[in-house]
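Engineer: Sharing a model prediction with you, sequence too.
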Amino acid sequence: MPGNCLVLYSGGLDSILACRILQEQGITPLAVRFITPFFGWSLKGNEEAEADRAYGEYGIRLIVKDISAQYLKMVTSPVHGYGRYMNPCIDCKILMVKTTLSMMETYNASFLATGEVLGQRPMSQRRDTLRIIERDSGAEGLLLRPLSARLLPETIVEKKGIVKRNLLPAVSGRGRKVQIALAKKYGITHYPAPAGGCVLADPILSRRFKRIFSIWPSFTLHDCLIARKGRHFLLEDRSWVITGRKQSENIELEKLALPSDVILRPLEVPGPLCILRHACSKRAIETAARIAARYSKASKGQPFKVLARRVEDGFEKTIQVTEPAGDQELDLWRF
């Protein structure tokens, strides 16, 4: 008799198809989309709208779940290591499967499913790593990969006839022809282009995160979020300076500022908003002002003023810069 299942859902075509394949067999899938500071964070605060979109476009019921706290504990020392950059793909999938497994009773689900395709991703979708993910998450026999099911060991739900194995596809490799054909069959015309979507796999951002994890072992969610915006500089005393590159980014950075941060706002002459985090010494504040001056609209030789404020203790000071930071200094501090 058909039942309920939970589907790990990324919003990409493969996970959409996994849901539709199961629906075709009378299964009721509930898609679970996880978010962290490294992927999917734009959905934070927009969960209901995303659920409405998924149902409206694909007929898929969706919930969005934030697993940032668990992810931050895992990301600095993943058991199965990193990919090419700082992407802990295997441990990431284990965490998501394990979390979904813990939700089964709440949602009266009899099994889990994902949109994984055998051989599609070099690190996390090899035959051996698919097995590791199932084993280490505790989901042995309960984790169905509908797109590649007939190429993988039979799951409990297939053995029981809850899902008919002979009706499932046997997709493998990095090609997309079969998925595109299935999308056409199900009338799915709008779907994202294939992409990882995780900033830990970005060559530039991954280097920044590596240094953050090393320099500040007690890094927070806010550190991870602000690391994705603006220009970044690390001063000699380990103060962290972040400047906006345009007005929209200035607004975003201000929203991410903490009460303990020093915020530097330009006065009189347009320039970047600047956030100073961690050490925040007097010298660091003055250096941050010089960095802000370097990226301001001030003419050569024109004084540049900033108002430096910290909410936590009411600190406030106006700083006038006559010598902006030089390019060699910026290269030394940049990270």
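Structural biologist: Great, that's in hand.
Engineer: C-alpha from now on. contacts and neighbour counts both.
Structural biologist: Will do.
Engineer: which stretches of the stretch 1-150 of the chain have low pLDDT?
Structural biologist: Residues of the stretch 1-150 of the chain that meet the criterion pLDDT under 70 lie in 1-3.
Engineer: Repeat the analysis, applying 50 as the threshold.
Structural biologist: 1 (pLDDT under 50).
Engineer: Helices of that one, start to end?
Structural biologist: Taking DSSP state H, counting those that start in this stretch, the helices of the stretch 1-150 of the chain run over residues 13-24, 47-58, 68-75, 89-101, 127-137.
Engineer: how about the ones you listed, which one is nearest Leu276?
Structural biologist: Leu276 lies closest, by C-alpha to C-alpha, to one member of those: helix 68-75, at 22.5 Å.
Engineer: Can you give the contact residues for that closest one?
Structural biologist: With contact meaning C-alpha atoms under 8 Å, 6 or more residues apart in numbering, helix 68-75 is reached by Ile35, Thr36, Pro37, Pro88, Asp91, Cys92, Leu95, Thr220, Leu221.
Engineer: tell me the domain boundaries of the protein?
Structural biologist: Here the domain parsing of the chain from automatic domain parsing is 4-185, 229-333.
Engineer: just checking, Tyr82 touches Ser124?
Structural biologist: No: judged on C-alpha atoms under 8 Å, Tyr82 makes no contact with Ser124 at a distance of 10.4 Å.
Engineer: Quick check: neighbours shared by those two?
Structural biologist: Joint contacts of Tyr82 and Ser124 (C-alpha under 8 Å, 6+ apart) are Cys89.
Engineer: Looking at these two, which one has more neighbours?
Structural biologist: Between Tyr82 and Ser124, Ser124 has the larger neighbour count (other C-alpha atoms under 10 Å), namely 25 against 19.
Engineer: Excluding chain neighbours, give the residue nearest to that one in space.
Structural biologist: In this structure, Ser124 finds its nearest non-sequential neighbour in Ile90, 5.3 Å apart by C-alpha to C-alpha, 6 or more residues apart in numbering.
Engineer: give me the number of residues near that neighbour?
Structural biologist: Ile90: 22 surrounding residues under other C-alpha under 10 Å.
Engineer: Do a quick rundown of the helices in the stretch 201-335 of the chain.
Structural biologist: Under the criterion DSSP H, counting those that start in this stretch, the stretch 201-335 of the chain contains helices at 203-215, 221-226, 247-256, 282-294, 327-333.
Engineer: what sits against the residue most central in space within the chain?
Structural biologist: Closest to where the C-alpha atoms of the chain average out (C-alpha atoms, centre = their mean) is Phe39, at 1.6 Å. By C-alpha under 8 Å, 6+ apart, Phe39 lies in contact with Gly197, Cys198, Val199.
Engineer: Look up how far Cys198 lies from the residue lying closest to the first one once chain neighbours are set aside.
Structural biologist: Taking C-alpha to C-alpha, 6+ apart, and ignoring the residues beside it in sequence, Gly197 has Phe39 as its nearest neighbour in space, at 6.1 Å. With the distance defined as C-alpha to C-alpha, to the nearest Å, Phe39 ends up 5 Å from Cys198.
Engineer: where do the contact lists of those two overlap?
Structural biologist: Overlap of the contact sets of Phe39 and Cys198 (by C-alpha under 8 Å, 6+ apart) is empty.
Engineer: still on that earlier bit, and the helices of the stretch 1-150 of the chain as a markdown table, adding distance to Arg290?
Structural biologist: Below are the helices of the stretch 1-150 of the chain laid out as a markdown table (distance: least, C-alpha to C-alpha, whole Å):
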| stretch | distance to Arg290 |
| --- | --- |
| helix 13-24 | 47 |
| helix 47-58 | 40 |
| helix 68-75 | 33 |
| helix 89-101 | 40 |
| helix 127-137 | 49 |
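Engineer: Out of those helices, which gets nearest to Glu316?
Structural biologist: helix 68-75 (33.3 Å).
Engineer: Can you mark which positions in that closest one are buried?
Structural biologist: Ser68, Tyr71, Leu72, Val75 (16 or more other C-alpha atoms under 10 Å).
Engineer: what angle separates that helix from helix 203-215?
Structural biologist: Interaxial angle of helix 68-75 relative to helix 203-215 (axes from the mean of the first three to the mean of the last three C-alpha atoms, to 10 degrees): 90 degrees.
Engineer: got the CA coordinates for helix 68-75 in CSV?
Structural biologist: Only the C-alpha atoms of helix 68-75 are listed here, as CSV (Å, rounded to 0.1, in the frame of the first residue of the first chain):
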residue,chain,number,x,y,z
SER,A,68,23.1,25.9,10.6
ALA,A,69,24.0,25.0,14.2
GLN,A,70,24.7,21.3,13.4
TYR,A,71,26.5,22.3,10.2
LEU,A,72,28.9,24.7,11.9
LYS,A,73,30.0,22.0,14.2
MET,A,74,30.7,19.6,11.3
VAL,A,75,32.3,21.9,8.8
